[in-house]
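Novice: Take a look and give me a structure for this.
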Amino acid sequence: MTASIRQRHTFREVYLAHFDYVWTALRRLGVREPDAQDWAQKVFLSAYIRLGAFEDRAYLRNWLFRYCLNVADDYRRSVPTRREFAGETAALEPLPDASASAEEKEGEGRRRLSDAEAVLDKLPDRERLIFVLFELEEMSGGEIAELLGISVATVRARLKLAREHFLREAKRLSVHQLAWRKQALG
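Specialist: Here you go, the predicted structure:
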């Protein structure tokens, strides 16, 4: 018989090993950056309370992701979320060239992340969840179906819609930003 996770790992070890993952998962699920740390704490509090119920047959990250889903749902219900457009000056542009300074590359990376978050924020919650799990968390359709309690066919259908919606929003963002730049340049 295998030892429970509580016997094999201290909560501190689990927290330190998975905090970045939980924080990132929450951000991808729509928790705004200023709130992500507090809501990550809620994930770990919930996980700590139920740590004894963790079954070794499940992957710890998937188990934690389930708590992220619940906490992100609570966040959306309790916090007046604002579907904001990412900074007007951000753009979906080619990557900076190799001669760009480290600061320029870092700034470009932040702009790209902001753009991606702006597009994800435009997706309906069900589509966003499937998109994040498949494209960003790299889970299989079967894993997603099992995690969410839906069929693989439903996962495929929602993923198709999410990809279409994502591309449409990315194009809209790009066109909007190009128009804004032309106006700013006068």
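Novice: pLDDT below threshold where in this protein?
Specialist: Within the chain, the ranges that satisfy pLDDT under 70 run 1-9, 55-58, 79-102, 104-105, 108-109, 176-186.
Novice: Geometrically speaking, which residue is the centre of it?
Specialist: residue 28 (1.4 Å; CA atoms, centre = their mean).
Novice: wait, it sits on residue 121?
Specialist: No. With contact defined as CB atoms under 8 Å, residue 28 does not count as touching residue 121 (10.7 Å). In this view, the C-beta of every residue, glycine as well, is placed from N, C-alpha and C.
Novice: Next, the buried residues of the helix or strand hosting residue 62.
Specialist: Using DSSP states H and E, residue 62 falls within helix 60-78. Counting neighbours by 16 or more other CB atoms under 10 Å, one finds that the buried residues in helix 60-78 are 60-61, 63-69, 71-72, 75.
Novice: try stretch 146-163
Specialist: The neighbour-count check on stretch 146-163 (16+ other CB under 10 Å) flags 147-148, 154-155, 158-159, 161-163 as buried.
Novice: Same question for stretch 12-21.
Specialist: So for stretch 12-21, counting by 16+ other CB under 10 Å, buried means 14-15, 18-19, 21.
Novice: Those into TSV, with extra columns for distance to residue 44?
Specialist: Below are the buried residues of stretch 12-21 laid out as TSV (distance: CB to CB, whole Å):
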residue	distance to residue 44
14	8
15	6
18	8
19	8
21	11
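Novice: chain center to the lengthiest helix in the chain, what's the gap?
Specialist: When the chain is parsed with DSSP state H, its longest helix is helix 152-185. How far helix 152-185 lies from its chain's middle: 16 Å, per CA atoms, centre = their mean, to the nearest Å.
Novice: list the helices and strands that helix packs on?
Specialist: helix 102-122, helix 125-131, helix 141-148 (3 or more CB pairs under 8 Å, 6 or more residues apart in numbering; DSSP states H and E).
Novice: Show me what the second one is in contact with.
Specialist: Helix 125-131 is touched from outside by 29-30, 69, 76, 120, 123, 144, 148, 155, 158-159, 161-163, 165-166, with contacts defined as CB atoms under 8 Å, 6 or more residues apart in numbering.
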